[in-house]
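1. give me coordinates for this.
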Amino acid sequence: MGRAVLNLMQPLSSRIWGLLDGRPASDRAVVVLASLFAICAPLYCSAQEHPLTESPYDSLAPYRRILWVSRWEYSTAEDIERICTNAASVRFTDLLFQVRGEGTVFFNSPYEPWAWELSGRGPAGTGANPGWDPLAVAIRECRRRGLRIHAYVNTLPAWAQSVDPPAGSGQIYASHPDWLMVDKSGRAMKPRGFYAFVDPALPQVRRHLARLVGRLVSDYPVDGVHLDYIRYPFERGEYSYQDRVVRDFRRWYGKSPDEDPRQWNEFRRRQITDTIKEIRDAIRSTRPGVELSVAVIADLRKSRDLGAQDAVGWLEMNYVDAIVPMSYAETMDEFRPLARPYIDASIRDRVWLGILAEPKNKALFEQARVGAAARTSGVAFFSYSNIFKGHKAGPKARELYQLFTGVGAPESSVGLVRRVRPEPGRHPHKRRIRELKIRVNS
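-> Numbering: from 1, shown residues only. Just a heads-up that it's a prediction; the model follows:
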């Protein structure tokens, strides 16, 4: 803080001394104090806890309208300005703005290098300072338009390119190959058409991620942090067989993973949960008002048994403020079983229902109407460019505007949404969470 003040004061010193020249001592004191206040007040305010902002569009509907913005959907400050303008024009309230993709970041961090996408040189440009700060621009533009902004982070992915990052870039895939997930044969995960993941069972991985996110919320006044890919990459095989991890499991349970697969699954769920807890603690120790949301696989059994996500438990333990089930489906027949558990269990006051906005989803608006009628606390759409192709508002944007504002909105769908009344004398959220746990474990 002191160095920042001195740096700011240097170009102003000649003006300040000019004001002091020829004035009495009492006037000089007033000028100096006023100048110091003008310089220091913005720095002091920016360092304080930034309470969650209220969007001027909140009152239009009883749920948040949330839009994912991936790192592939912007490359300049002008792109970000247009993204924020378009989102506000359709009356979205929150942006999940991606700032970490594969062990590289779109903000200034002492822990990870600048993303190569900003360099214009491909993966070889990893760590090159782009000369501008996408997250700072996004915060500024969101504030101007009354949008909440959440820093959207790919949590466990370490790298996805066919060539390695530069050795001296500080990128974790190159600098910490011992952090990578390992399969049963002892082979480290490679980025072959998918991300290579770091292993959350390693304390140093959890510590790194907590520091990264903790510093982010300290340096940038975001309203929330949104975690994605906080799971095991089951679609690529079985992982987390590092020697240390297997030894820990044997020491605690006296068996190998193959001898007790059920306990092994529970062990892996605990690693994911511990990662979220450490990130949560880092956020709350710095700025307690920052929201933490997590994208989860919507299929509860797949999420819990394969991805090792204990989404319901995270809510129950208050480790997260909201879960975002990615109920991505192309038809209503596929969508209903994915969405129903989060609606019927009535934990909807902490659910942002995720909906795929890609062209292949022919049931987009019916799904959106269901989400609106269900009274979940939010409905999230993936992603920006599917609604604003080429930064232009097409038919999807117009119909979503009608839904969000109530102008010409169709009647709510019947049959999927069922209200649950709390039992007298009992906490409704805990009862609903128990209902959902019973359903998952049965």
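
2. which residue ranges form the strands in the stretch 251-400 of the chain?
-> Here the stretch 251-400 of the chain has its strands, by DSSP state E, counting those that start in this stretch, at 291-297, 322-326, 352-356, 378-382.

3. out of those strands, nearest to Thr85?
-> Using Cβ to Cβ as the measure, strand 378-382 is the one of the strands of the stretch 251-400 of the chain that comes nearest Thr85, at 16.9 Å. C-beta: built from backbone N, CA, C; applies to glycine.

4. neighbouring strands - and their directions - for that closest one?
-> The sheet places strand 378-382 alongside strand 64-69 (parallel), strand 352-356 (parallel), with pairing taken from DSSP bridges.

5. in CSV: those, plus distance to Arg187, mean neighbour count and mean pLDDT.
-> Formatted as CSV, the entries for the strands paired with strand 378-382 read as follows, by distance: least, Cβ to Cβ, whole Å; neighbours: other Cβ atoms under 10 Å; pLDDT from 0 to 100:
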stretch, distance to Arg187, mean neighbour count, mean pLDDT
strand 64-69, 33, 25, 98
strand 352-356, 33, 26, 97
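
6. as JSON lines, those with distance to Pro233 would be great.
-> Written out in JSON lines, the entries for the strands paired with strand 378-382 read as follows (distance: least, Cβ to Cβ, whole Å):
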{"stretch": "strand 64-69", "distance to Pro233": "20"}
{"stretch": "strand 352-356", "distance to Pro233": "19"}
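
7. on that earlier part again, got TSV for the strands of the stretch 251-400 of the chain, with distance to Arg369 too?
-> Written out in TSV, the entries for the strands of the stretch 251-400 of the chain read as follows (distance: least, Cβ to Cβ, whole Å):
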stretch	distance to Arg369
strand 291-297	22
strand 322-326	17
strand 352-356	10
strand 378-382	10
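
8. okay, now the domains of the protein?
-> Here the chain is described, according to automatic domain parsing, as comprising the domains 4-44, 60-441.

9. pLDDT score for the spatially most central residue of the chain?
-> In the chain, the C-alpha nearest the mean C-alpha coordinate belongs to His226, at 1.5 Å (Cα atoms, centre = their mean). In the predicted model, His226 carries a pLDDT score of 98.

10. gap between it and Ala196?
-> The span separating His226 from Ala196 equals 22 Å under the rule Cβ to Cβ, to the nearest Å.

11. ok, now Glu399?
-> Applying Cβ to Cβ to Glu399 and Ala196 gives a distance of 39 Å.

12. same deal with Val296?
-> Going from Val296 to Ala196 by Cβ to Cβ gives 21 Å.

13. do Ile80 as well
-> Summarising the geometry, the distance separating Ile80 from Ala196, computed by Cβ to Cβ, is 29 Å.

14. what's the nearest residue to Ile230 if we skip its chain neighbours?
-> Nearest residue to Ile230 in three dimensions, chain neighbours excluded: Thr155, at 4.3 Å (Cβ to Cβ, 6 or more residues apart in numbering).

15. can you give me the neighbour number for the one you found?
-> Close neighbours of Thr155, defined as other Cβ atoms under 10 Å, add up to 24.

16. tell me the contacts of it?
-> By Cβ atoms under 8 Å, 6 or more residues apart in numbering, the contact list for Thr155 reads Leu209, Leu227, Asp228, Tyr229, Ile230, Thr275, Ile279.

17. change it to 7 Å
-> When the contact criterion is Cβ atoms under 7 Å, 6 or more residues apart in numbering, the partners of Thr155 are Leu209, Leu227, Asp228, Tyr229, Ile230.

18. those residues into TSV, with extra columns for distance to His391?
-> Written out in TSV, the entries for those read as follows (distance: Cβ to Cβ, whole Å):
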residue	distance to His391
Leu209	33
Leu227	27
Asp228	23
Tyr229	27
Ile230	30
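
19. what's the farthest-apart pair in those residues?
-> Pairwise distances across these peak at 12.8 Å for Leu209 and Asp228 (criterion: Cβ to Cβ).

20. buried sites along stretch 233-246?
-> In terms of neighbour count (16 or more other Cβ atoms under 10 Å), stretch 233-246 has its buried residues at Pro233, Arg236, Tyr239, Ser240, Tyr241, Gln242, Val245, Val246.

21. and the first one, how far from Tyr195?
-> Translated: Pro233. Here Pro233 is placed at a distance of 7 Å from Tyr195 (Cβ to Cβ).

22. what do you get for the third one?
-> For Tyr239, the distance to Tyr195 equals 12 Å [Cβ to Cβ].

23. packing partners of the helix of greatest length in the chain?
-> Of all the segments of type helix in the chain, defined by DSSP state H, the longest one is helix 261-286. Helices and strands in packing contact with helix 261-286 are listed as helix 203-219, helix 243-253, strand 291-297, helix 311-316; criterion 3 or more Cβ pairs under 7 Å, 6 or more residues apart in numbering; DSSP states H and E.

24. so which of these comes closest to Pro62?
-> Taking Cβ to Cβ as the measure, the helices and strands packed on helix 261-286 were each checked against Pro62, and strand 291-297 came out nearest at 18.0 Å.

25. CA-only coordinates of the closest one in CSV, if you can.
-> Extracted C-alpha coordinates of strand 291-297, given in CSV (Å, rounded to 0.1, in the frame of the first residue of the first chain):
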residue,chain,number,x,y,z
GLU,A,291,-20.1,-16.0,-3.1
LEU,A,292,-18.7,-19.4,-4.0
SER,A,293,-20.6,-21.4,-6.6
VAL,A,294,-19.7,-24.8,-8.1
ALA,A,295,-20.7,-26.3,-11.4
VAL,A,296,-21.7,-30.0,-10.9
ILE,A,297,-22.7,-32.9,-13.1
